[in-house]
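**Student:** Give me coordinates for this.
(2 chains)
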Amino acid sequence: MKVIIVDDEPPARDRLRRLIEEIDGCECAGEAGNGSEAIALVTRETPDVVLMDIRMPGMDGVEAARHLSTLEQPPAVIFTTAYDEYALRAFEAHAAGYLLKPVRREKLTEALARAGRLTKPQLAAIAAGSNQRRRTHLSVRVRGELRLIPVEDIAYFLADQKYVTVRHRGGEELIEESLKSLEDEFQPDFVRIHRNALVATRHMAAIDRGEDGQYSVRMRDLPDVLQVSRRLASELLKRFRS
Amino acid sequence: MNGNGHSNATDGSARTQRFFLPDFCATRSVLAVVLISEIVAILLTLARQELEHGFWTDLARTSLFLLWIGLCSAAALCYTRARLARLPVAHASGLAITMLVAVALAISEATWWIGHYWFAGMQGGVASLFPVDHAGFLIRNLCIAFIVSALALRYFFVTSEWRRNVEMKAHSRIEALQARIRPHFLFNSMNTIAALTRTDPRLAEEAVEDLADLFRANLRETRNQIPLKEELEVARLYQRIEQLRLGKRLTVRWDLGSVPLDTLVPSLVVQPLLENAIYHGIEVLPDGGTVSVTGTHHADRIELRVANPVPATRAGGGAGAHSGNRIALDNIRERLELAYPGATRVQVSEENGEYVVTLTFPLRPAAEGDT
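**Tutor:** Numbers count the residues shown, from 1 in each chain, chains lettered A, B, ... in the order given. Model (predicted):
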């Protein structure tokens, strides 16, 4: 069984590695110090199980697990934590595997034997129950690999019939999420300017008024111009002025 | 009197609740007013040299008169309490006294007027119960009203201060218990020690010793004041343990310059600040950062400043994570305030991408003020 250890603290990683190497049939296929590193490592090593710390700088464990779950062959994830009331409640409620640090050898053996994949709804519920609800990245699968888009690089989301287009600094991508859930997650940094458009305020350059009284938004680093619906125009102007 | 340390944390309703005058709309307070009026009535009747109509009749008429004044005053205070509570204590007291004297004067005037016009021309009986000397009656009542209301306000102020002090002491004791070392820290340290026992037993041993000392310091009675030097040592113990876990990610810069280290401070005022700075500032940064602890000393005041970098992700959304931080700050503010009433300040600011907490408190060398 290939196991990957994700934790931001070197002593914690050392200890888990040693424990894993002492279990028959288990090998440690690598270590990562935060969520984004973990995703890169997982796509390279395709482990069976990831031991994932929750509180890490940059991308935390719950978010990393969410991104991993979009892989075609996602690894099983076992969360590890020293103390986190919120997360534990969520794990209990959704039957996710977790270990408390310092991890006991028997508990680790048991958890590895039982480790299963987490489903997307399970992960979404855990993320909602944890104290950090907002992702730092969005992930899209490109030719079997996970590509991470930092949320601060995203200029806007545009909804089509079925998909949502993510326009970001490095291009554009399609994702299968609803504009409503994106709006809930990322407000107030993103504002709805139209039924089908959610725009990052930090990427907005100006609001123009056309001859017909129609407002439109110009973006900072992109040539794109987005229409503002009449219904949302006054609210947008109010926010933009303040 | 209320110190500055508290005023910035209060909102309107809390202020009204803490106002020194009781709520005169409540039946208990009305009962108190009736009792005070009766006591004054008895006092005045007893003090009178020659009783015009015998003790009981005199007491009855004085009581009636004073109850009118007392109950109208209670009504006036009940009505204006919320507004008075918003003023500084001195202004509120001045205004309340003026109001009470005005009520007493108005009722005196009304009494004289009723006696003069209603019973005009009558001799003896009810008419003789009313005052004759108009100006004298008003001036005497003005003086009595002033003295009695000033005494009553003083009494209310002292009892409320006393009650507040008792509450504050009890509260800060509970808060101190709650604010003791985060479970997060305890379990992470245990995990680090578990890892070190095999790779570096000596370091593990030291870590256990540090942890033991840190817990001893935490279990110390928090009301006690200790020399600043000891408090800084506790903070350094804490830093050493965190250093094992965070390695190069954590740098702490200590610069206490010329601060006299024998000055007394309540225990656990610096360590929790360092703990917050590491938890909210350093742990969330992938590459870590520097926490700086700076002390300066001007005349009889000491200023301690703990600064940590503000993580970019926190700047926008991510509120709520700071509630633990706020509890610790309130607790420190309260304990400093108890130790040095009115002479301390806890300030929080964000400058140049740094989150800064500044404590200001008076210099008090151990020799002078040792308790």
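**Student:** The helix or strand B:Arg83 falls within: what's the following helix or strand?
**Tutor:** For B:Arg83, the host element (DSSP states H and E) is helix B:55-85. Per DSSP H and E, the first helix or strand lying C-terminal to helix B:55-85 is helix B:89-113.
**Student:** Now do that following helix against helix B:55-85, angle only.
**Tutor:** Between the axes of helix B:89-113 and helix B:55-85, defined by axes from the mean of the first three to the mean of the last three C-alpha atoms, to 10 degrees, the angle is 140 degrees.
**Student:** which other helices and strands contact the helix holding B:Arg83?
**Tutor:** helix B:12-18, helix B:27-47, helix B:89-113 (3 or more C-beta pairs under 8 Å, 6 or more residues apart in numbering or on different chains; DSSP states H and E). Where you see a C-beta, it was placed from the backbone N, CA and C, and this is true even at glycine.
**Student:** What does the pLDDT read for the residue lying farthest from the centre of chain A?
**Tutor:** Relative to the centre of chain A, the most outlying C-alpha is that of A:Glu211, 41.6 Å out, by C-alpha atoms, centre = their mean. Per-residue pLDDT puts A:Glu211 at 85.
**Student:** Am I right that it falls within a helix?
**Tutor:** No. A:Glu211 is assigned coil when assessed by DSSP: H, G, I helix; E, B strand; the rest coil, not a helix.
**Student:** domain parsing for chain A?
**Tutor:** The record, using automatic domain parsing to delimit domains, assigns chain A the ranges A:2-129, A:149-241.
**Student:** returning to what we had before: rebuild the helices and strands packed on helix B:55-85 as CSV, extending it with distance to A:Pro74, mean pLDDT and mean neighbour count.
**Tutor:** CSV is the format used below for the helices and strands packed on helix B:55-85 (distance: least, C-beta to C-beta, whole Å; pLDDT from 0 to 100; neighbours: other C-beta atoms under 10 Å in any protein chain shown):
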stretch, distance to A:Pro74, mean pLDDT, mean neighbour count
helix B:12-18, 51, 62, 13
helix B:27-47, 67, 88, 15
helix B:89-113, 65, 90, 17
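**Student:** For chain A, find the nearest of the ones you listed.
**Tutor:** helix B:12-18 (25.1 Å; C-beta to the nearest C-beta).
**Student:** before we move on, the earlier item: among the domains of chain A, which comes closest to chain B?
**Tutor:** Closest of the domains of chain A to chain B is domain A:2-129, at 3.6 Å (criterion: C-beta to the nearest C-beta).
**Student:** ok, the closest one near chain B or not?
**Tutor:** Yes. Applying C-beta under 8 Å from any C-beta of the partner chain, one finds domain A:2-129 touching chain B at A:8-12, A:14-15, A:18, A:33-34, A:55, A:57-58, A:82-84, A:100-103.
**Student:** average pLDDT for that domain?
**Tutor:** 88.
**Student:** go on, stretch A:190-198?
**Tutor:** 92.
**Student:** How about stretch B:162-178?
**Tutor:** 73.
**Student:** And the top helix by length along chain B, what does it pack against?
**Tutor:** When chain B is scanned for its longest helix (criterion: DSSP state H), the result is helix B:134-179. Applying 3+ C-beta pairs under 8 Å, 6+ apart, we find helix B:134-179 packed against helix B:27-47, helix B:89-113, helix B:323-339.
**Student:** run the last query once more with 6 Å
**Tutor:** helix B:89-113, helix B:323-339 (3 or more C-beta pairs under 6 Å, 6 or more residues apart in numbering or on different chains; DSSP states H and E).
**Student:** quick one: contacts of the following helix or strand past that helix?
**Tutor:** Downstream of helix B:134-179, the first helix or strand assigned by DSSP H and E is helix B:183-199. Outside helix B:183-199, the residues that touch it by C-beta atoms under 6 Å, 6 or more residues apart in numbering or on different chains are A:11-12, A:14-15, A:82-83, A:101-102, B:203-204, B:207, B:211, B:241, B:244-245.
**Student:** Swap in 8 Å and give it another go.
**Tutor:** Contacts to helix B:183-199, defined as C-beta atoms under 8 Å, 6 or more residues apart in numbering or on different chains, come from residues A:9, A:11-12, A:14-15, A:18, A:82-84, A:100-103, B:203-204, B:207-208, B:211, B:241-242, B:244-245, B:275, B:279.
**Student:** Over to stretch B:39-48?
**Tutor:** Against stretch B:39-48 from outside (C-beta under 8 Å, 6+ apart): B:Leu51, B:Phe55, B:Asp58, B:Leu59, B:Thr62, B:Ser63, B:Phe65, B:Leu66, B:Leu67, B:Ile144, B:Val148.
**Student:** circling back to that earlier point, okay, the helices and strands packed on helix B:134-179 in TSV with distance to chain A next?
**Tutor:** Shown next, in TSV, are those (distance: least, C-beta to the nearest C-beta, whole Å):
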stretch	distance to chain A
helix B:89-113	35
helix B:323-339	10
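**Student:** Can you find the helix or strand of chain B with the lowest average pLDDT?
**Tutor:** helix B:4-7 (a mean of 39; mean pLDDT, DSSP states H and E).
**Student:** Helices of chain A, start to end?
**Tutor:** Under DSSP H, chain A gives helices at A:10-21, A:35-45, A:61-68, A:85-93, A:105-114, A:120-129, A:179-186, A:230-241.
**Student:** just these: most buried one?
**Tutor:** helix A:61-68 (a mean of 26; mean count of other C-beta atoms under 10 Å in any protein chain shown).
**Student:** Tell me who's in contact with residue 109.
**Tutor:** With no chain named, the answer covers chain A. A:Ile23.
**Student:** Can you look at chain B instead?
**Tutor:** B:Glu109 touches B:Leu138, counting by C-beta under 8 Å, 6+ apart.
**Student:** Against B:Val89, how distant is it?
**Tutor:** 30 Å (C-beta to C-beta, to the nearest Å).
**Student:** cool, and B:Gly281?
**Tutor:** Following C-beta to C-beta, the distance that separates B:Gly281 from B:Val89 is 38 Å.
**Student:** For B:Gln239, list the residues it contacts.
**Tutor:** B:Leu250, B:Val252, B:Leu274.
**Student:** who's in contact with the nearest residue to B:Met99 once chain neighbours are set aside?
**Tutor:** Nearest residue to B:Met99 in three dimensions, chain neighbours excluded: B:Ala76, at 5.5 Å (C-beta to C-beta, 6 or more residues apart in numbering or on different chains). Listed by C-beta under 8 Å, 6+ apart, the contact partners of B:Ala76 are B:Met99, B:Leu100, B:Val103.
**Student:** follow-up on the earlier one: closest to B:Tyr117 out of the domains of chain A?
**Tutor:** With distances scored as C-beta to C-beta, the stretch of the domains of chain A nearest to B:Tyr117 is domain A:149-241 (64.7 Å).
**Student:** measure that closest one end to end?
**Tutor:** Domain A:149-241 has an end-to-end distance of 29 Å (C-alpha to C-alpha, to the nearest Å).
**Student:** about what we covered before: just put the contacts of stretch B:39-48 in JSON lines and tack on neighbour count and pLDDT.
**Tutor:** Below are the contacts of stretch B:39-48 laid out as JSON lines (neighbours: other C-beta atoms under 10 Å in any protein chain shown; pLDDT from 0 to 100):
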{"residue": "B:Leu51", "neighbour count": "13", "pLDDT": "63"}
{"residue": "B:Phe55", "neighbour count": "12", "pLDDT": "82"}
{"residue": "B:Asp58", "neighbour count": "18", "pLDDT": "84"}
{"residue": "B:Leu59", "neighbour count": "19", "pLDDT": "87"}
{"residue": "B:Thr62", "neighbour count": "19", "pLDDT": "87"}
{"residue": "B:Ser63", "neighbour count": "19", "pLDDT": "91"}
{"residue": "B:Phe65", "neighbour count": "21", "pLDDT": "90"}
{"residue": "B:Leu66", "neighbour count": "26", "pLDDT": "91"}
{"residue": "B:Leu67", "neighbour count": "15", "pLDDT": "93"}
{"residue": "B:Ile144", "neighbour count": "18", "pLDDT": "89"}
{"residue": "B:Val148", "neighbour count": "22", "pLDDT": "88"}
